[in-house]
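> Provided below are the primary sequence and the corresponding predicted coordinates.
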Amino acid sequence: MPPTSIKITKSSLPDGGKSQMIFPETGFFKQVINGEPANLPSPAEVRACAQGPINCERPAPVAFHSLGLLVKYGPSLTTSEAHCLWAVGRHLKGRTPVPELYGWRRDGKDLFIYMELVRGQSLEKRWASLTSMERQEVCTQLRSMIQSLRTLEQDPEHQFIGMYRCFKFCDSCLFHCRQFCWRKDHRYII
């Protein structure tokens, strides 16, 4: 039996137009630190903890290990990334793991996305040391996750290719790997 599809509508997503969206029901806010409820670090605190260049389109994410928190930020981030985490986490919980989204905040041109810090080694680092059987198991798990992702569908009344809120389609792989030219509202890859 094919999996049941899950329709995602614009109205079912958090309002991406808001400069700040916090999800107080998430695990982060259930933490108590020094007798006080946990608070998300301010943009200034995130920037102060940043490693590497911070005056770029996508600075390196900042990890707050003691809080179990990762913050991605920069002027090129959009709330569409937060929406993806939120939708997958909410609708595919237990089938496709994603970091829990705690909220987002805009500060000047930078968007800050606050999410769960996933601890452990990346698959990229572990792959070479995995046995053939372990690699097969990873592939089986990934296949299941991809099948779950394919159950998510757009609202049939509002279909588009691109990001939520109908921003222009921007695939970084295409933009960085190909040369484009424009002609009468059509994009051509050269």
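That came through fine. Numbers count the residues shown, from 1 in each chain.
> shaky segments in the chain?
1-3, 54-55, 159-190 (pLDDT under 70).
> report the central residue of it.
Nearest to the geometric centre of the chain sits residue 81, at 4.1 Å (Cα atoms, centre = their mean).
> which SSE is it in?
helix 79-91 (DSSP states H and E).
> quick one: buried residues of whichever helix or strand comes after that helix?
As assigned by DSSP H and E, the chain's next helix or strand after helix 79-91 is strand 101-107. Neighbour counts over strand 101-107 (16 or more other Cβ atoms under 10 Å) mark 101-106 as buried. In short, each C-beta sits where N, CA and C put it, glycine included.
> neighbouring strands for strand 101-107, and are they parallel or not?
Strand 101-107 pairs in its sheet with strand 20-22 (antiparallel), strand 110-116 (antiparallel), by DSSP bridges.
> how big is the angle separating it from helix 79-91?
Inter-element angle recorded for strand 101-107 and helix 79-91: 160 degrees (by axes from the mean of the first three to the mean of the last three Cα atoms, to 10 degrees).
> hmm, who's touching stretch 103-122?
Residues from elsewhere that reach stretch 103-122, judged by Cβ atoms under 8 Å, 6 or more residues apart in numbering: 19-23, 26-28, 40, 43, 46, 63-65, 67-75, 77-79, 81-82, 85, 99-102.
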